[in-house]
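S.K.: Next input, structure requested:
(one chain, ligands or ions: 1)
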Amino acid sequence: MKEIKVGILGFGTVGAGVVEGIQKNGGLMAERTGIYPVVARIADLDIETDRGITVPAGVLTTDAMSVISDPEIDLVVELVGGTGVARTFTLEALKQGKPVITANKALLADHGDEIYKAARENNTGIYYEAAVGGGIPILRSQRAGLIGNRIESIYGILNGTCNYILTRMEREGLPFDTILTDAQELGYAETPPDLDIDGIDTAHKAVVLASMAYGAPVPMDACPTKGIRGLAASEIANAEEMGYRIKLLAIIKDNDGEVELSVEPTLVPREHMIASVSDSFNAVFVKGDIVDDTMYYGRGAGRLPTGSAVIGDIMEAAGDKLNNVGSPVSVTMMLQKDELQYCTAENIVKRCYIRLCLEDKPGAMAQVMTIFGAHNISIASVVQKERHKTGYAPVVILTQEARESEFAAAMREIAVLEVSCCEPVRMRLEDFE
Ligand code: HSE
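M.R.: Numbers count the residues shown, from 1 in each chain. Model (predicted):
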């Protein structure tokens, strides 16, 4: 039996979950692997608050650097969060040749290039399963089970807060703001909730998934991002009437060697598996060229689910260290290429849901249809509702596939028509065909 001494930086929700998980199942892990993980040091600025966990005297400290430099510490777990000191601690541990385990998606999205390279230069590892999809072992699936596949596409529901809000809006027909307040009271949404509801948290995770799928760090500006802030309950009802649900999706595709990447509210067919992922659950739907369709589902956040992912990485990092693996596959997969090529609006082809408000007068619809025709956009279905008291009629259109550049141009033209009485709404529609 070999002991591996773990130093944890950050004793918040996830840090406490990691310690709880190791205290509960450390013996089981040792039986299975021959490696016994010992949480030897924990650093946090606040070492007074009761985390519901008892640790031996002398384990807690306020000095993170002393944990990193402690010659007894084999592995460093970064759970500080943010991109400031977390970056400093991570780079310092790697410089000292110590493997780092992190749950920090923002750190990897903003500084992944520097961090993966630092791991490679120092012949050590960075492990980050908990950064994407919480307790779902999606990155491990990508780099182990799916290693023989070219990844054709990935669709991810990666933010539990947004999925919870969308689910309740659909079930209860309540407005976005009401459910957001509930989500904050229940502790799902962060305060402020901007990173969640504006899609940034999903984008952080999407760039990590895309980097691993296609072999180079993906910058955040390669991922056009739109969240669910202000989404009207009526759009959800319209989608429902037409057989769709709205999900905030990370969409990652290999488009003939160019990467297509976005985060956006998307209509998905009600009968598709991803549409049934509800409440705060996450799911990732991956299509490989050999395996075909696969889906991974579970809790995307929370003390023990995220702790489970961190513990998985601790055990993998421990095994790699004892076997002198050096830079593991979690590093080499991110650094196969210097950079990737990305799709542009010219070569992204998709379907859309479009909702307009038109004056209810002869020729209004014809003007809109003329614009779609001029931009090679074919209409799959159109529903005009009875006009409101205001005199304006909502019109809901589902299109066939067309180029993003044509959609953007058509929407600009429609928005300034005299018969167009509100800001048009456009969302992507994915039928997975
Ligand atoms: N705030 C995230 C969510 C969890 O709601 O899923 C951490 O990424």
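S.K.: How about the residues of this protein by the ligand?
M.R.: Within reach of the ligand by Cβ under 6 Å from any ligand atom, the chain has these residues: Asn159, Gly160, Thr161, Tyr188, Glu190, Asp196, Asp201, Gly300, Ala301. In short, each C-beta sits where N, CA and C put it, glycine included.
S.K.: out of these, which are buried?
M.R.: Neighbour-count burial (16 or more other Cβ atoms under 10 Å) applied to those gives Asn159, Gly160, Thr161, Tyr188, Asp196, Asp201, Gly300, Ala301.
S.K.: Can you name the residue of the stretch 1-150 of the chain nearest to the ligand?
M.R.: The nearest approach of the stretch 1-150 of the chain to the ligand comes at Lys105, 6.3 Å away (Cβ to the nearest ligand atom).
S.K.: Can you tell me the SS state at the residue of the stretch 201-350 of the chain found nearest the ligand?
M.R.: Per Cβ to the nearest ligand atom, Ala301 is where the stretch 201-350 of the chain lies closest to the ligand, at 3.6 Å. Assigned by DSSP: H, G, I helix; E, B strand; the rest coil, the conformation of Ala301 is coil.
S.K.: Let me know the next secondary structure element after the helix or strand that contains Glu92.
M.R.: If you go by DSSP states H and E, Glu92 is part of helix 85-95. Following helix 85-95 in sequence order, the next helix or strand is strand 100-102 (DSSP H and E).
S.K.: who touches that following strand?
M.R.: Contacts to strand 100-102, defined as Cβ atoms under 8 Å, 6 or more residues apart in numbering, come from residues 75-79, 86, 90, 93-94, 108, 119, 124-128, 130-131, 310, 313-314, 317.
S.K.: residues near Thr54, how many?
M.R.: A count of nearby residues for Thr54, using other Cβ atoms under 10 Å, gives 9.
S.K.: Pull up the gap between it and Val38, please.
M.R.: Distance, Thr54 to Val38, using Cβ to Cβ, to the nearest Å: 15 Å.
S.K.: do Gly298 as well
M.R.: Between Gly298 and Val38 the computed distance is 27 Å (Cβ to Cβ).
S.K.: Same check on Glu121?
M.R.: Distance, Glu121 to Val38, using Cβ to Cβ: 28 Å.
S.K.: again, but for Gln384
M.R.: Applying Cβ to Cβ, the value for Gln384 to Val38 is 67 Å.
S.K.: Follow the chain on from the lowest-mean-pLDDT helix or strand in the chain and name the next helix or strand.
M.R.: Sorted by mean pLDDT, DSSP states H and E, the helices and strands of the chain end with helix 176-185, the least confident at a mean of 91. For helix 176-185, the following helix or strand on the C-terminal side (DSSP H and E) is helix 194-197.
S.K.: so what does that following helix touch, helix or strand wise?
M.R.: For helix 194-197, the elements it packs on are helix 160-172, judged by 3 or more Cβ pairs under 8 Å, 6 or more residues apart in numbering; DSSP states H and E.
S.K.: quick revisit: more neighbours, Gly298 and Val38?
M.R.: For Gly298 and Val38, the more surrounded residue by other Cβ under 10 Å is Gly298, and the numbers stand at 18 against 15.
S.K.: Contact partners for the closest residue to that one other than its chain neighbours?
M.R.: Leaving aside its sequence neighbours, Gly298 sits nearest to Ile136 (Cβ to Cβ, 6 or more residues apart in numbering; 4.2 Å). Going by Cβ under 8 Å, 6+ apart, Ile136 touches Asn282, Ala283, Val284, Tyr296, Tyr297, Gly298, Arg299, Gly300, Ala309.
S.K.: How about the secondary structure of Ile136?
M.R.: coil.
S.K.: what about the helices in the stretch 201-350 of the chain?
M.R.: Taking DSSP state H, counting those that start in this stretch to define them, one finds helices in the stretch 201-350 of the chain at 233-241, 303-322, 329-332.
S.K.: okay, those helices in CSV with mean neighbour count and mean pLDDT next?
M.R.: As requested, those are exported to CSV (neighbours: other Cβ atoms under 10 Å; pLDDT from 0 to 100):
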stretch, mean neighbour count, mean pLDDT
helix 233-241, 17, 96
helix 303-322, 23, 97
helix 329-332, 20, 97
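S.K.: For Thr266, which of the ones you listed is the nearest?
M.R.: Closest approach to Thr266 among the helices of the stretch 201-350 of the chain (Cβ to Cβ): helix 233-241, 9.9 Å.
S.K.: contacting residues around the closest one?
M.R.: Residues from elsewhere that reach helix 233-241, judged by Cβ under 8 Å, 6+ apart: 166, 169-170, 173-176, 245-246, 267, 270, 353, 355, 383, 394, 396, 425, 427.
S.K.: mind redoing it with 10 Å?
M.R.: 166-167, 169-176, 178-179, 232, 244-246, 265-268, 270, 353, 355, 383, 385, 394, 396, 398, 425, 427, 429 (Cβ atoms under 10 Å, 6 or more residues apart in numbering).
S.K.: Return the alpha-carbon coordinates of stretch 413-424 using PDB.
M.R.: This file holds the C-alpha atoms of stretch 413-424, laid out as PDB (Å, rounded to 0.1, in the frame of the first residue of the first chain):
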ATOM      1  CA  GLU A 413     -33.700  44.100 -42.600                       C
ATOM      2  CA  ILE A 414     -36.800  42.800 -40.800                       C
ATOM      3  CA  ALA A 415     -36.000  44.800 -37.700                       C
ATOM      4  CA  VAL A 416     -36.300  48.100 -39.500                       C
ATOM      5  CA  LEU A 417     -39.500  47.300 -41.500                       C
ATOM      6  CA  GLU A 418     -42.300  49.700 -40.600                       C
ATOM      7  CA  VAL A 419     -44.600  46.700 -40.100                       C
ATOM      8  CA  SER A 420     -42.200  45.200 -37.500                       C
ATOM      9  CA  CYS A 421     -43.400  46.400 -34.100                       C
ATOM     10  CA  CYS A 422     -40.900  44.800 -31.600                       C
ATOM     11  CA  GLU A 423     -37.300  43.600 -31.500                       C
ATOM     12  CA  PRO A 424     -37.400  40.300 -33.400                       C
END
